[in-house]
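Trainee: the following comprises the amino acid sequence and a computationally predicted model.
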Amino acid sequence: MDTEALALPPGKKIQEKEKWDNKLQFVLSCMGFSIGLGNVWRFPFKVFENGGGTFLIPYVVMLAMAGIPLYYMELALGQFSSLGPVTVWNCIPMFRGVGYAMVVVSACVCIYYNVIIAWILYYLFVSFRTVLPWENCTNEWNTKQCDYLAQKCRDDGGVMDGYTCTHEYVGKTAEQIKSLNLTKVVWRSASEEYFRFSLLQESAGIYDLGKCLWSPALCLLLSWVLMYVCMVKGIKTSGKVVYVTVTMPFILLIVFLIRGVTLPGYLDGVYYFVKPDWSKLGEAKVWSEAATQIFYSLGIGFGGLMSMSSYNKFHNKIYRDALLISITNCCTSVFAGFVIFSILGFMAHEMGVEIEDVVASGTGMAFIAYPKAASMMPISPLWSVLFFIMLLTLGLDSQFAMFETVLTSIVDEFPTLRTKKPILMAFLAVAMFLIGLPMCFEGGIYIFTLFDWYSAGFSIMMIGMVECIAITWGYGWRNFSYDIKSMLGYRPGPWWYVMWWFITPALLLFIGIFSMIYYVPAYYASYQFPTWADGIGWGLTCASLGWIPIMAVVEFCKAKGGCMEKLHTIVTPTANWGPANKDDYQHWLSVYRKANRELKRGVDNTGFDNGNELPPFNSH
């Protein structure tokens with residue numbers, strides 16, 4: 001048909017947006033965003049903690065029923081509209097707050113995520129020496145509890161009685177020694193003391209911020225400078241950087257695996273990683289952990305997927321990309337688990353302890369367990385440098401996407417800033433650096449823990465649930481399916497209908513309720529946060545989720561007419577909803593005209609049912 005005959009509705013603004021140079025840049029950028037630090041330090045621990053190989057069953061189920069459906073939805077929304085996570089809600093303005101929530105989550109995570117990158121840079125720099133600083137307990141920051149003395153005593157066949165090594169009990173069994181009235185000491189590894197007392201120099205609690213630690217602070221400044229340089233020209237620079245930052249971790253993971261399987265004890269570590277505990281399948285907690293890990297791993301609910309797909313060409317095969325990237329991400333997590341546990345098996349073998357005694361989660365895996373493993377290997381500085389280069393590339397990719405989310409959202413809302421993007425980027429980088437700077441103080445680890453605990457976990461699951469309901473029930477499943485058809489040439493099948501309409505939001509609701517029932521207040525090591533600090537943490541959660549009801553009220557008040565007219569307005573797409581390119585927009589209108597003729601009616605959202613066979617976009 002002649003699409004030129006389909007005129008644009010009044011108020012529709014056609015705004016061309018820069019595009020990726022090629023499809024590979026988009027795929028690598030999405031992979032870099034999704035495959036981050038959590039794949040290396042969070043997933044292996046969750047598998048170990050929740051039934052070993054058994055955990056992979058709920059993990060795959062949650063991937064299929066929640067992860068991939070929402071991944072596909074977010075990529076499709078961004079590519080169709082060429083808009084970021086805020087402006088994309090022109091499709092149903094009532095839920096514009098979902099976009100603001102995504103931006104706030106991304107901004108909060110950006111702030112503390114770059115602190116992690118600063119720590120990685122610090123460790124990378126100090127690894128360029130012949131003897132790693134955490135190899136022994138003879139440094140000024142070490143305490144009497146550093147386990148170098150205890151390890152030496154055990155190697156000599158002795159037993160520690162308090163801080164004294166005695167050989168009186170040679171020949172006794174471990175059970176007999178346990179029954180003796182010996183003075184017990186909680187020993188710490190040299191790598192743990194280096195992290196806590198040299199890098200962090202942690203204070204007694206969150207109430208004691210202490211002085212600024214200039215080495216971490218300068219590394220934080222450098223991490224933001226790296227961010228700016230890599231992104232200053234938008235996707236033209238970041239799209240090229242990902243060729244290195246995405247492929248490098250895969251190469252290094254393979255190198256570490258080859259090294260790991262040559263070390264004594266590696267099979268014990270791998271067995272611990274995959275050993276099934278079938279009783280865990282009946283525990284709701286395991287299923288909740290699997291879903292939470294999927295969200296963290298894929299990057300759903302952060303807005304980064306919408307931002308990156310908004311730079312795609314309109315007819316890009318987004319369905320294939322969604323499947324490829326999400327499945328590759330999860331396979332990478334499993335592969336990283338084999339790598340990490342082969343090394344932990346070696347550590348346990350060398351130390352003469354059980355695997356569970358060397359397993360750590362989160363920052364403990366990256367800055368305590370692995371540095372200790374590196375110090376036990378031949379040519380230890382080399383393995384330390386390679387490991388922290390891998391973490392750096394993993395971290396930068398994810399940071400690129402989250403920062404781009406915040407930037408894209410602001411520029412989409414205020415198009416006049418598009419020509420001043422470098423200045424806006426510098427302003428945001430400086431602001432986030434200053435907000436993150438207190439995390440480089442002696443009490444900074446406690447602020448960091450609050451951000452890590454409260455800024456994303458619960459929020460992104462609720463964002464995902466509301467997003468799914470808003471698009472499928474509010475904007476309309478049939479509308480969304482024809483949007484996808486205008487891009488791909490076909491509508492999503494029944495599987496996606498069932499997932500988006502019911503299964504996915506129901507699963508996320510269950511997980512949200514379960515998370516609240518089994519809520520655990522934030523803690524760091526043995527330190528329990530005071531009630532007021534947890535209150536601040538929940539304030540971070542509300543700072544994102546609160547935008548959803550607030551913006552619904554704002555949009556309702558802005559709309560004209562009576563209550564029913566206002567309600568109709570805020571659930572009707574605005575004049576600016578639709579493809580950004582004029583030819584793509586007219587093709588989309590032609591798809592709707594044909595659909596309306598075939599159905600003899602409009603589609604799901606009443607705003608599309610006007611008898612003229614075209615979307616009657618509201619001028620709101």
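Mentor: Cool, the structure landed.
Trainee: shaky segments in the stretch 151-300 of the chain?
Mentor: 151, 154-158, 160-161, 163, 167-186, 234-236, 238-239 (pLDDT under 70).
Trainee: which residues of it fall in helices?
Mentor: Applying DSSP state H, counting those that start in this stretch to the stretch 151-300 of the chain gives helices spanning 174-178, 190-193, 214-231, 235-260, 266-274, 284-298.
Trainee: will you turn these into JSON lines that also has mean neighbour count and distance to Val115?
Mentor: Every C-beta, even on glycine, is put in place using the N, C-alpha and C of the backbone. Shown next, in JSON lines, are the helices of the stretch 151-300 of the chain (neighbours: other CB atoms under 10 Å; distance: least, CB to CB, whole Å):
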{"stretch": "helix 174-178", "mean neighbour count": "9", "distance to Val115": "41"}
{"stretch": "helix 190-193", "mean neighbour count": "22", "distance to Val115": "19"}
{"stretch": "helix 214-231", "mean neighbour count": "18", "distance to Val115": "6"}
{"stretch": "helix 235-260", "mean neighbour count": "18", "distance to Val115": "19"}
{"stretch": "helix 266-274", "mean neighbour count": "19", "distance to Val115": "29"}
{"stretch": "helix 284-298", "mean neighbour count": "22", "distance to Val115": "18"}
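Trainee: and Ser310, what does it touch?
Mentor: Lys17, Gly78, Gln79, Ser81, Ser82, Leu83, Gly84, Val88, Thr408 (CB atoms under 8 Å, 6 or more residues apart in numbering).
Trainee: check Gly443 too.
Mentor: Per CB under 8 Å, 6+ apart, neighbours of Gly443: Glu202, Ser203, Gly205, Ile206, Tyr207, Asp208, Leu209, Gly210.
Trainee: next: Ile258.
Mentor: Here Ile258 is in contact with no residue (CB under 8 Å, 6+ apart).
Trainee: buried only: go through the contacts of Gly443 for me.
Mentor: Burial by neighbour count, judged by 16 or more other CB atoms under 10 Å, picks out Glu202, Ser203, Ile206 from these.
Trainee: can you tell me which residues contact the last one?
Mentor: Residues in contact with Ile206 (CB under 8 Å, 6+ apart) are Gly443, Tyr446, Ile447, Leu450, Phe529, Pro530, Ala533.
Trainee: try the second one
Mentor: Taking CB under 8 Å, 6+ apart as the contact definition, Ser203 lies against Leu209, Gly210, Glu442, Gly443, Tyr446.
Trainee: quick check: phi and psi at it.
Mentor: Per-residue torsions, Ser203: phi -90, psi -170 (degrees, to the nearest 10).
Trainee: can you check the one 4 residues further on too?
Mentor: With angles defined as degrees, to the nearest 10, Tyr207 sits at phi -70, psi -10.
Trainee: any idea how far Glu442 is from it?
Mentor: From Tyr207 across to Glu442, the span is 12 Å (CB to CB, to the nearest Å).
Trainee: cool, and Tyr243?
Mentor: From Tyr243 to Glu442 the distance is 39 Å (CB to CB).
Trainee: cool, and Ile355?
Mentor: For Ile355 relative to Glu442 (CB to CB), the value is 33 Å.
Trainee: these two: who's more crowded?
Mentor: Ile355 (20 against 17; other CB atoms under 10 Å).
Trainee: am I right that that one is in contact with Ile343?
Mentor: No - Ile355 lies out of contact with Ile343 (CB atoms under 8 Å); the separation is 11.3 Å.
Trainee: tell me where the stretch 451-600 of the chain has strands.
Mentor: For the stretch 451-600 of the chain, the strands defined by DSSP state E, counting those that start in this stretch cover 523-524, 527-528.
Trainee: point out the most buried one among those.
Mentor: Using mean count of other CB atoms under 10 Å, the stretch among the strands of the stretch 451-600 of the chain with the greatest mean number of neighbours is strand 523-524 (a mean of 15).
Trainee: can you list the helices and strands that that strand packs against?
Mentor: Applying 3 or more CB pairs under 8 Å, 6 or more residues apart in numbering; DSSP states H and E, we find strand 523-524 packed against helix 444-454.
Trainee: contacts for the helix it packs on?
Mentor: Against helix 444-454 from outside (CB under 8 Å, 6+ apart): 108-109, 111-112, 115, 200, 202-203, 205-206, 209, 213, 216, 362, 438-439, 522-524, 527, 529, 533, 536-538, 540-541.
Trainee: and with 7 Å instead?
Mentor: Residues outside helix 444-454 that contact it (CB atoms under 7 Å, 6 or more residues apart in numbering) are 108, 111-112, 115, 200, 202, 205-206, 438-439, 522, 524, 533, 536-538, 540-541.
Trainee: please pick the buried ones from the residues you listed.
Mentor: In the contacts of helix 444-454, the ones that pass as buried (16+ other CB under 10 Å) are 108, 111-112, 115, 200, 202, 206, 438-439, 522, 524, 533, 537, 540-541.
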